[in-house]
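Chemist: Using only what follows, build the 3D model:
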Amino acid sequence: MKSTHNIFFANSSKMDQIEDNSIDLIVTSPPYPMIEMWDHQFFQMNPEIADALNQGEGLSAYELMHQELDKIWMEIDRVLKEGSIICINIGDATRKVGQLFQLFSNHSRILNYFIKSGFEVLPEILWRKQSNKPNKFMGSGMLPPNAYVTSEHEYILVMRKGNNREFTGEQKKLRDESAYFWEERNLWFSDIWTDLKGIDQKISSNLTHRERSAAYPFELAYRLINMFSIKGDTVLDPFLGTGTTLIAAMASNRNSVGIEIDPGFREVIQIRLQNILEFLNAYLTTRIKQHLQFVREMEKKNKPLKYNSDLYDFKVVTNQETKICFNLLKEIKQVNESYEISYYDEKKNQKIIENLINNSQVEFISDEKKQKVSFQQKLD
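Modeler: Next up, the predicted model:
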């Protein structure tokens, strides 16, 4: 069992490397129009944007920036299969241009593009990113009426191309194996996510002009991939950055394609992948441990679960969860800008998970830099 992950350092407005109707899911976060850290990238796309800002024409610059993103959305339409999902993490912007301070609603502008293009807009997710900075408030302080509400959330827009996806043959089996736990469903499919923290965005590589990555956390990409695709699917991120979507696809036994315009991220991605197997296997193991804790809590409440997992020695809430299968990662191989992940076979996978379930020392640490679990030692 294997998955492949291809990276292209190119402009996503022309994704010539990808065939029509070949992608099962998009998970991405583009540069945010009217956020100053992205100005340089937008100026390179269209010099008229810089002219508009210099002349104090904020709304004109905002629209020109989105027209550059529209080119990528058009390519996404071409490569995405019918019935497949697009997930876009985007934040709105507040900015003073000239003498005028105002909100620039990036999420609504992107939604309008996809509505006009015939996509089905599904319920969105608000990712609550709280800020504790003492200077986070803007405007006239304690005096009305010129203080401004602080924006402490971002959007995860969810759109579908065409009608519901249909599954036949081998895909039905893979869909069953791709199930998530009942208690995960209740958390993941809420329209407000408050449990995900932002991550350190400083970039240590001197090969990119950017000082911050603007990356979302691994958990965000992992959830979306498991919510809206099945094993063996291909996930595309046209703004790959530090490679978070690619890594989440590896953990989920999905294939992936990442496109990044800045070649300086090549080194950043390579460094992240050096010890990623330990991080991902510990993460998958923690999902199981958290479920076992949920089972124990239900039993304490005298609410024992009705169904049994077919592969593992634990209970589940619904019949749809009985086929759930975790694929622990065995090896990662790099060939040029491509990576191949091999996974343990079913028998070995079951044995490893059984041993790890009984090993209370295996814990998940969300920050890769702090990951101390030696997964290989656990196998021995």
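
Chemist: Please make it C-alpha for all contacts and neighbour counts, starting now.
Modeler: Fine.

Chemist: Look at the residue of the chain most remote from its centre and tell me its secondary structure.
Modeler: Most distant residue from the mean C-alpha position of the chain: residue 143, 40.0 Å away (C-alpha atoms, centre = their mean). Secondary structure for residue 143, judged by DSSP: H, G, I helix; E, B strand; the rest coil, is coil.

Chemist: Please report how far it lies from residue 246.
Modeler: Distance of residue 143 to residue 246, computed by C-alpha to C-alpha, to the nearest Å: 47 Å.

Chemist: Same question for residue 332.
Modeler: Distance of residue 332 to residue 246, given as C-alpha to C-alpha: 13 Å.

Chemist: And those two? Which one has more around it.
Modeler: Taking residue 332 and residue 246 together and counting by other C-alpha atoms under 10 Å, residue 246 has the greater number of neighbours (29 against 19).

Chemist: those helices in this protein, which residues are they?
Modeler: Using DSSP state H, the helices assigned to the chain run over residues 39-45, 48-54, 58-79, 106-116, 170-177, 182-188, 218-228, 244-251, 265-273, 276-300, 346-357, 375-379.

Chemist: Quick one: residues in contact with the fourth one.
Modeler: Looking back up the chat, that one is helix 106-116. When contacts are defined by C-alpha atoms under 8 Å, 6 or more residues apart in numbering, helix 106-116 is touched by residues 32-33, 66, 70, 90-93, 120-121, 155, 157, 159.

Chemist: between that helix and helix 58-79, how big is the angle?
Modeler: 50 degrees (axes from the mean of the first three to the mean of the last three C-alpha atoms, to 10 degrees).

Chemist: how about helix 106-116: buried residues?
Modeler: 106, 107, 110, 111, 113, 114 (16 or more other C-alpha atoms under 10 Å).

Chemist: re the thing from before, can the contacts of helix 106-116 go into CSV with extra columns for neighbour count, distance to residue 277 and pLDDT?
Modeler: Listed next are the contacts of helix 106-116 as CSV, based on neighbours: other C-alpha atoms under 10 Å; distance: C-alpha to C-alpha, whole Å; pLDDT from 0 to 100:
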residue, neighbour count, distance to residue 277, pLDDT
32, 23, 31, 97
33, 25, 35, 98
66, 19, 37, 98
70, 16, 36, 98
90, 23, 29, 97
91, 24, 31, 96
92, 19, 35, 97
93, 18, 36, 96
120, 17, 36, 97
121, 17, 35, 97
155, 21, 30, 98
157, 21, 30, 98
159, 22, 31, 98
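
Chemist: farthest pair in those residues?
Modeler: Using C-alpha to C-alpha, the two most remote members of the contacts of helix 106-116 are 93 and 120, lying 25.0 Å apart.

Chemist: quick revisit: which among the helices of the chain is found nearest to residue 21?
Modeler: The nearest among the helices of the chain, by C-alpha to C-alpha, is helix 58-79 at 4.5 Å.

Chemist: Please identify the buried residues of that closest one?
Modeler: Buried, per 16+ other C-alpha under 10 Å, within helix 58-79: 58, 61-66, 69-70, 72-73, 75-79.

Chemist: Put the alpha carbons of it into CSV.
Modeler: C-alpha atoms of helix 58-79 as CSV (Å, rounded to 0.1, in the frame of the first residue of the first chain):
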residue,chain,number,x,y,z
GLY,A,58,-8.0,50.6,-1.8
LEU,A,59,-11.1,49.0,-3.4
SER,A,60,-9.4,49.0,-6.8
ALA,A,61,-6.3,47.3,-5.4
TYR,A,62,-8.6,44.8,-3.6
GLU,A,63,-10.4,43.8,-6.8
LEU,A,64,-7.2,43.6,-8.8
MET,A,65,-5.7,41.2,-6.2
HIS,A,66,-8.8,39.0,-6.4
GLN,A,67,-8.6,38.9,-10.2
GLU,A,68,-5.2,37.3,-9.8
LEU,A,69,-6.6,34.7,-7.5
ASP,A,70,-9.5,34.1,-10.0
LYS,A,71,-7.0,32.8,-12.4
ILE,A,72,-6.1,30.0,-10.0
TRP,A,73,-9.7,29.3,-9.2
MET,A,74,-10.4,28.9,-12.9
GLU,A,75,-7.6,26.3,-13.1
ILE,A,76,-9.0,24.5,-10.1
ASP,A,77,-12.3,24.2,-11.9
ARG,A,78,-10.5,22.5,-14.8
VAL,A,79,-8.6,19.9,-12.7
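
Chemist: Give me the helices and strands touching it, please.
Modeler: helix 39-45, helix 48-54, helix 106-116 (3 or more C-alpha pairs under 8 Å, 6 or more residues apart in numbering; DSSP states H and E).

Chemist: Let me have those helices in TSV, extended by distance to residue 342 and mean pLDDT.
Modeler: Formatted as TSV, the helices and strands packed on helix 58-79 follow (distance: least, C-alpha to C-alpha, whole Å; pLDDT from 0 to 100):
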stretch	distance to residue 342	mean pLDDT
helix 39-45	36	95
helix 48-54	45	97
helix 106-116	36	98
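
Chemist: For residue 256, give the beta-bridge partners.
Modeler: residue 5, residue 235 (DSSP bridges).

Chemist: so where is this protein shaky, pLDDT-wise?
Modeler: Applying pLDDT under 70 to the chain picks out residues 130-138, 199-214, 356-357, 359-380.

Chemist: okay, now the domains of it?
Modeler: 2-270, 276-379 (automatic domain parsing).

Chemist: Out of these, which is the most enclosed?
Modeler: Across those, averaging neighbours per residue (mean count of other C-alpha atoms under 10 Å) puts domain 2-270 on top, at a mean of 18.

Chemist: sorry, back to before: in contact with the residue farthest from the centre of the chain, which residues?
Modeler: Here residue 143 is in contact with no residue (C-alpha under 8 Å, 6+ apart).

Chemist: gap between it and residue 171?
Modeler: 60 Å.

Chemist: ok, now residue 306?
Modeler: 26 Å.

Chemist: Check residue 163 too.
Modeler: Taken as C-alpha to C-alpha, the span from residue 163 to residue 171 is 17 Å.
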